[in-house]
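Asks: After the sequence you'll find the predicted model.
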Amino acid sequence: MHGVEAVVLVGGKGTRLRPLTLSAPKPMLPTAGVPFLTHLLSRIKEAGITHVVLGTSYKAEVFEEYFGDGSRLGLELEYVVEEVPLDTAGAIRNVADKLREPDVMVFNGDILSGVDLTGIVDTHRKHEADVTLHLVKVQDPRAFGCVPTDDEGRVQAFLEKTENPPTDQINAGCYVFRREVIDAIPAGRPVSVERETFPGLLEAGKRLQGHVDATYWLDLGKPEAFVQGSADLVRGVAPSAAVAQPGDYLVLEGSAVHAGATLKGGSTVGANCTVADGAVLDGAILFDGAVVGEGAVVERSIVGAGALVQAGAVLKDAVVGDSAVIGARCELIGGARVWPGVVLPEAGVRFSTDA
């Protein structure tokens, strides 16, 4: 895509996904077999954008160690580390020195979306906008800030979360900025796009355009959404050029899955895992080296790297940290989280909170 480059903001600590994010930044967590960021980068490449700047902070070195210069993905990747938290607009301004095109597409690094990226750029250029925002229609907009637009799609306001939202359109975390708008953001301090930058542009009479659609969209910030997003990628419900062959499950190299085990619901079995006879994985994510014993059930749950789920244990909507041990016949339900290295006893103890 001529005259467009991308910025991906990946500096967050991912606190809502702990304990998984204690060892890796959220965009680097395995999702349908690869770090989540791989899916976003594959879509950016597919849209014809090749120069991408990653705005990093938490565990910044992990990104460059994995992706390097980006050539493996057909991209040119650069990295800028945010030394102190700068909020969204501040993080965008922080990478300005690396930018070189007139239009800059900015992505939040934890959003899974099916929007047509070239369509957003087309909208931006057609309306000669200063900033174009991807807006998505959601069933329940109360949990989000709403963005009303006029008949031409021009943004009217940025509204805080409210019980009676006047529109079902929300900010979907993807923007196209004119380069000069980024340069005008104050440098070296925290700046919010929704509370400072965008309202300031509206006051100044600048053109903020909405690109509204109802394609697939999911914020992967919470465990239940992370599990759903991974399953949707495996099954092909969410688009990604990084998933070669969508199906009901995905098993990576080196894993041993017993013929008597059941895998379904978009489950992913990481590399070098073991899944024993009679085990059931339904919408499950096993990180590399995880072991699931005979007759164990793992539903809509995440099992960390090297963790052990012993025979007959039941996990439903649970998160198990790296190297933890879930004793035989234990039950983890309703959002239970087990911290890395914790060993839970056998004999059918039920946990529904942190352990």
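Replies: Thanks, I have the structure now.

Asks: hey, let's count contacts and neighbours off CA atoms from now on
Replies: Noted.

Asks: Can you name the next helix or strand after the helix or strand harbouring G210?
Replies: Using DSSP states H and E, G210 maps to strand 208-213. Using DSSP H and E, the helix or strand that follows strand 208-213 towards the C-terminus is strand 217-219.

Asks: Can you tell me the strand partners of that next one and which way each runs?
Replies: Strand pairing for strand 217-219, using DSSP bridges, gives strand 111-113 (antiparallel).

Asks: Quick check: what element follows the partner strand along the chain?
Replies: Remark: after strand 111-113, the chain's next helix or strand is helix 117-126, criterion DSSP H and E.

Asks: Pull up the pairing partners for the very next helix or strand once past that next one, direction included.
Replies: On the C-terminal side of helix 117-126, the nearest following helix or strand under DSSP H and E is strand 131-137. Strand pairing for strand 131-137, determined by DSSP bridges: strand 169-178 (antiparallel), strand 208-213 (parallel).

Asks: just the helices in this protein please.
Replies: For the chain, the helices defined by DSSP state H cover 36-46, 61-67, 87-94, 117-126, 179-183, 198-203, 223-235.

Asks: still on that earlier bit, average pLDDT for the strand holding G210, rounded please.
Replies: Averaging pLDDT along strand 208-213 gives 94.

Asks: correct me, but V234 touches S267?
Replies: Yes: using C-alpha atoms under 8 Å, V234 is in contact with S267, at 7.4 Å.

Asks: quick one on the thing from earlier: out of the strands paired with strand 131-137, flag the one nearest D282.
Replies: Closest of those to D282 is strand 169-178, at 28.6 Å (criterion: C-alpha to C-alpha).

Asks: Just want the angle from that closest one to helix 87-94.
Replies: Strand 169-178 runs at 10 degrees relative to helix 87-94, counting by axes from the mean of the first three to the mean of the last three C-alpha atoms, to 10 degrees.

Asks: Run through who's touching strand 169-178.
Replies: Strand 169-178 is contacted from outside by 102-108, 111, 120-121, 124, 129-138, 141, 144-148, 212, 217, using C-alpha atoms under 8 Å, 6 or more residues apart in numbering.

Asks: Check the model's average confidence along stretch 31-48 for me.
Replies: On average, stretch 31-48 scores 93.

Asks: Same check on stretch 62-70?
Replies: So the average pLDDT for stretch 62-70 ends up being 93.
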